[in-house]
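**Q** sharing a model that was predicted from the sequence below.
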Amino acid sequence: MVPGGRAGIGTLPPDLAVLPELNEELLLETLLSRFREQKIYTYIGDILIAINPFCSLPLYEKSVSEMYKNHDKSLLPPHIFAVAARAYEAMRGRWTTGPQNQCIVISGESGSGKTESTKLLLRQMMELCPGNSQLEQQILQVNPLLEAFGNAQTLINDNSSRFGKYIQLRFSD
């Protein structure tokens with residue numbers, strides 16, 4: 001039995017879509033159990049759920065970035081870097097379907113880590129693009145400028161966005 005959970009959950013699957021039954025109770029129990037093991041990312045099919053740990057975890061170092069860049073993502077734990085890599089590969093047409101436009105939606109409550117997730121996603125996308133270190137810096141420097149307009153201090157977050165963000169990247173050969 002998983003700590004705090006019920007019998008039958010067994011191992012904590014990285015993709016909840018493989019469970020024979022998925023209901024709200026099982027979803028929440030599994031996410032909580034994975035979170036307690038510092039597994040903040042969980043898939044449900046193509047959806048990545050991220051739970052803000054409110055502390056630093058060794059998940060974003062260069063070695064981790066490289067791991068998601070150069071290996072079969074299905075053999076690695078769920079991660080925001082895997083989402084970036086899949087989107088980049090699909091956009092570049094590295095699969096049989098040819099190049100496909102991609103859309104990634106990052107959603108959550110105030111303080112849930114949307115801004116940080118966006119930065120990590122953009123950073124990994126730039127890692128996947130050869131020779132774009134200056135472009136990466138330009139893209140990442142835009143975010144503080146956007147945040148200067150309309151953010152507010154809340155009980156949870158000193159720099160809470162009061163608006164949605166839309167970022168469009170266009171790549172060409």
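**A** Perfect, thanks for sending it.

**Q** for the protein, which helix or strand comes out least confident on mean pLDDT?
**A** The least trusted helix or strand in the chain, going by mean pLDDT, DSSP states H and E, turns out to be helix 133-147, with a mean of 67.

**Q** in this structure, which residue is closest to the centre?
**A** Central residue check for the chain by C-alpha atoms, centre = their mean: the C-alpha nearest the mean position is that of residue 80, 2.9 Å away.

**Q** list the residues that contact it.
**A** Residue 80 sits next to 41, 48, 50, 117, 120-121, 124 when contact means C-beta atoms under 8 Å, 6 or more residues apart in numbering. Backbone N, C-alpha and C define where each C-beta goes, glycine included.

**Q** look up how far residue 122 lies from it.
**A** Taking C-beta to C-beta, to the nearest Å as the criterion, residue 80 is separated from residue 122 by 10 Å.

**Q** please apply the same query to residue 65.
**A** Taking C-beta to C-beta as the criterion, residue 65 is separated from residue 122 by 12 Å.

**Q** before we move on, back to that, quick one, phi psi at the residue nearest to the centre of the chain?
**A** Residue 80 has phi and psi values of phi -60, psi -30 when expressed as degrees, to the nearest 10.

**Q** how many other residues sit next to residue 34?
**A** Number of residues near residue 34 (other C-beta atoms under 10 Å) recorded here: 22.

**Q** sec struct for it, please.
**A** helix (DSSP: H, G, I helix; E, B strand; the rest coil).

**Q** from residue 58, how far out is residue 12?
**A** With C-beta to C-beta as the criterion, residue 12 and residue 58 are 19 Å apart.

**Q** scratch that, residue 73 is what I was asking about
**A** As judged by C-beta to C-beta, residue 73 and residue 58 stand 19 Å apart.

**Q** out of the two, which sits in the more crowded spot?
**A** Ranked by neighbour count (other C-beta under 10 Å), residue 73 and residue 58 place residue 73 first, with 17 against 8.

**Q** how about the contacts made by the residue nearest to that one when sequence neighbours are not counted?
**A** In space, residue 73 comes closest to residue 82 once its chain neighbours are excluded; the distance is 4.5 Å by C-beta to C-beta, 6 or more residues apart in numbering. Neighbouring residues of residue 82 by C-beta under 8 Å, 6+ apart: 48, 68, 73, 76.

**Q** could you do residue 42 as well?
**A** Contacts were defined as C-beta under 8 Å, 6+ apart; by that measure residue 42 touches 14-16, 30-31, 34, 48-49, 78.
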